[in-house]
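Undergrad: can't give you the sequence, but here's the structure:
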């Protein structure tokens, strides 16, 4: 079974501080992992995926298979990063994406 | 840009009514999905479809059905609406193959069942 856990429902940090949103997964095979973001009054959209090994808007995420984690990090938070963040997993060859519970990130000025 | 359009932004229905939520995408995507989004529970998959007239149950299909008569349209049906189906419903689509391709989401339908 595929499962994604985001242990923090709410996360609040000050502008300029580092941010880490936690994501742990459960899957016996080789997962594909994603972070999706929903800004206020906007659609849910892809932020980044682990296979691309990219940095988007200063965010990075590294897949740690030993710890079954895919934490999202940014060294210096900005106010426009305030949003709802979802971690998601797709199993190998799977046709569906399983989402975590989401973390609401608030960046304080 | 890919467009996924959900026909209603807000809906208010009464318990026991039959409810139709419509979703249309314009990028010839094979895969379409219906999720519900609830605070603290995240997104939960209701149903998905990988081809016309094909459908698969997601994680919470009870009380719902779907219809995919045309490739661009995927409808979610609440046969007899109940108050616990009050939620934000999100439609999404992506191209075929394994889900390394990103999902494109609609803007959502906030359904209230009274």
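TA: Yep, it's here. Predicted, not measured: the structure shown is a model, and the values here were computed from it. Numbering: from 1, shown residues only, chains lettered A, B, ... in the order given.
Undergrad: Now do stretch A:12-31: distance to the chain's middle.
TA: Distance, stretch centre to chain centre, for stretch A:12-31: 5 Å (C-alpha atoms, centre = their mean, to the nearest Å).
Undergrad: Strands of chain A, residue ranges please.
TA: Assigned strands in chain A, in chain order: A:3-5, A:10-14, A:19-21, A:24-26, A:32-38, A:45-49, A:60-61, A:72-74, A:83-90, A:98-99, A:103-108 (criterion: DSSP state E).
Undergrad: Next: chain B.
TA: With DSSP E as the criterion, chain B has strands spanning B:4-6, B:10-13, B:19-21, B:23-25, B:31-38, B:42-49, B:56-57, B:64-70, B:73-78, B:87-94, B:104-105, B:109-113.
Undergrad: Of those strands, give the one that comes closest to residue A:50.
TA: strand B:87-94 (16.8 Å; C-beta to C-beta). Yep, even glycine has a C-beta here, placed from its N, CA and C like the rest.
Undergrad: Residues in contact with the closest one: which ones?
TA: A:44, B:2, B:4, B:6, B:21, B:23, B:25, B:27, B:29, B:31-38, B:43, B:74, B:76, B:101-106, B:108-111 (C-beta atoms under 8 Å, 6 or more residues apart in numbering or on different chains).
Undergrad: and with 6 Å instead?
TA: B:4, B:6, B:21, B:23, B:25, B:29, B:31-38, B:101, B:103-106, B:108-111 (C-beta atoms under 6 Å, 6 or more residues apart in numbering or on different chains).
Undergrad: And those residues, which of them are buried?
TA: Taking 16 or more other C-beta atoms under 10 Å in any protein chain shown as the criterion, what is buried in the contacts of strand B:87-94 is B:4, B:6, B:21, B:23, B:25, B:29, B:31-37, B:103-106, B:108-109, B:111.
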